[in-house]
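S.K.: What follows is a protein structure lacking sequence information:
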């Protein structure tokens with residue numbers, strides 16, 4: 001607003017009609033002309049100084065820049081938080097509450113950026129209007145400059161040094177100097193307008209980045225909710241596990257009871273031994289036959305009780321073993337399901353940069369004609385499906401040379417296909433299996449070197465009786 005007011009003052013000062021000076025002006029008219037020119041110069045200087053004050057004063061653009069800096073700090077903090085969130089193997093460890101807080105923070109930042117963008121757009125509209133007004137004033141000033149230059153030429157040709165035209169020429173020179181200063185000031189204002197437009201463009205870019213991060217957080221939040229919904233069937237499994245634990249406790253109690261029965265049976269066996277000893281003593285001492293019969297009946301009863309206890313104990317042990325087997329089976333099923341889910345989550349949460357890097361590597365190998373078109377199409381299909389074999393092969397050989405990575409990917413991810421050659425050596429000796437001369441070491445070293453390059457090496461030897469097959473370590477025999 002200050003710039004537009006200054007532009008209006010300058011336009012009124014410049015568009016004021018100029019009356020032609022009379023041919024013989026007196027001293028009073030000269031003084032009046034000088035006073036009018038002085039007041040005009042003062043008004044022009046005041047109008048030129050007002051935009052500077054308004055530019056250096058409390059401008060809403062600085063408040064917008066402060067808001068933008070605070071938003072940039074929050075965005076950088078959020079980016080660092082996302083980096084900590086994606087550390088490790090790309091597996092997310094945040095909770096739902098953290099995701100909700102991050103989404104709310106991003107929404108607040110987007111609202112602040114929208115407000116700052118609206119304020120910046122309003123300020124840019126004002127600056128553009130002031131720019132148009134300044135451009136009009138510059139055009140008027142240029143016409144004035146051309147008029148003053150023509151008058152200066154006319155005065156220099158006429159050589160009227162003492163005439164009133166000479167005085168007016170001096171005044172016009174001063175006005176020309178002031179007009180040049182105004183033009184420089186307007187140029188600086190145009191530069192500031194360009195800087196403001198660049199700031200608005202940067203704000204729009206940051207807003208787009210924040211929108212993308214908000215969408216990503218919303219997708220993660222939805223995935224986390226889906227994971228929480230999937231956790232329902234595990235409660236049933238845990239109930240089964242608790243039931244199995246109760247069954248184990250009952251079987252353990254039964255086993256303890258069987259152990260007590262066994263101790264009782266051992267006591268009965270000791271008593272039987274004592275009874276047999278007493279029977280022998282009775283035979284020796286010729287006890288009566290009735291006592292022997294009674295003792296034999298007691299022995300039979302004790303044996304029957306012992307057999308019944310043994311049968312009950314064996315049945316309880318079999319039940320206990322059966323329950324233990326069932327418990328181990330259920331535990332193994334639970335472990336397998338948890339491993340499958342963890343592998344699925346791990347492969348699903350892998351960053352897309354890894355798969356894009358693998359696809360770029362396959363495209364580069366295909367362009368360099370290092371692999372065939374069929375192998376490249378199969379690798380692309382596996383990348384599209386995000387196969388775990390391809391991921392494991394790439395992660396296990398990451399950091400090695402491109403040739404080794406390519407061979408290992410083709411071996412592990414595509415079994416049955418290889419980019420190497422099948423080389424067969426027919427030799428009479430090979431170290432250390434059957435070594436006679438120096439050629440055996442040459443054959444073994446050549447085979448190792450070819451295997452390191454990814455070729456399939458086959459060495460055909462005669463079947464000696466003295467062959468040491470256990471000595472083969474580095475070659476696949």
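M.R.: Happy to help now that I have it. Everything numeric in this text was worked out from a predicted model, so none of it was measured.

S.K.: all helices of the stretch 301-450 of the chain, in order?
M.R.: Secondary structure of the stretch 301-450 of the chain (DSSP state H, counting those that start in this stretch): helices located at 352-367, 373-385, 388-396, 402-412, 439-452.

S.K.: export those helices to a markdown table and tack on mean pLDDT?
M.R.: A markdown table is the format used below for these (pLDDT from 0 to 100):
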| stretch | mean pLDDT |
| --- | --- |
| helix 352-367 | 83 |
| helix 373-385 | 83 |
| helix 388-396 | 75 |
| helix 402-412 | 73 |
| helix 439-452 | 85 |
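
S.K.: could the ones you listed be laid out in TSV, adding mean neighbour count and distance to residue 132?
M.R.: Where you see a C-beta, it was placed from the backbone N, CA and C, and this is true even at glycine. Formatted as TSV, those follow (neighbours: other CB atoms under 10 Å; distance: least, CB to CB, whole Å):
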stretch	mean neighbour count	distance to residue 132
helix 352-367	15	48
helix 373-385	16	55
helix 388-396	17	60
helix 402-412	18	60
helix 439-452	16	74
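
S.K.: quick one: which of the ones you listed is nearest residue 311?
M.R.: helix 388-396 (52.7 Å; CB to CB).

S.K.: follow-up on the earlier one: what's the closest of the helices of the stretch 301-450 of the chain to residue 316?
M.R.: Residue 316 sits nearest to helix 388-396 of all the helices of the stretch 301-450 of the chain, at 45.8 Å, using CB to CB.

S.K.: quick one: residue 150 and residue 169, what's the gap?
M.R.: From residue 150 across to residue 169, the span is 11 Å (CB to CB, to the nearest Å).

S.K.: Dump the helices of the stretch 301-450 of the chain to a markdown table, plus distance to residue 293.
M.R.: A markdown table is the format used below for these (distance: least, CB to CB, whole Å):
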| stretch | distance to residue 293 |
| --- | --- |
| helix 352-367 | 90 |
| helix 373-385 | 86 |
| helix 388-396 | 79 |
| helix 402-412 | 83 |
| helix 439-452 | 87 |
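
S.K.: Identify whichever of those helices lies nearest to residue 325.
M.R.: That would be helix 388-396 among the helices of the stretch 301-450 of the chain, by CB to CB, at 31.4 Å.

S.K.: Show me what that closest one is packed against.
M.R.: helix 289-348, helix 352-367, helix 373-385, helix 402-412 (3 or more CB pairs under 8 Å, 6 or more residues apart in numbering; DSSP states H and E).

S.K.: could you give the angle of it to helix 352-367?
M.R.: For helix 388-396 against helix 352-367, the angle by axes from the mean of the first three to the mean of the last three CA atoms, to 10 degrees is 90 degrees.

S.K.: about what we covered before: residue 267 is nearest to which of the helices of the stretch 301-450 of the chain?
M.R.: Evaluated with CB to CB, the helices of the stretch 301-450 of the chain place helix 388-396 nearest to residue 267, the distance being 62.2 Å.

S.K.: Check the average confidence over stretch 305-319, would you?
M.R.: Mean per-residue pLDDT for stretch 305-319: 82.

S.K.: Flag every buried residue along that stretch.
M.R.: Under the neighbour-count criterion of 16 or more other CB atoms under 10 Å, stretch 305-319 has 306, 309, 313, 316 buried.
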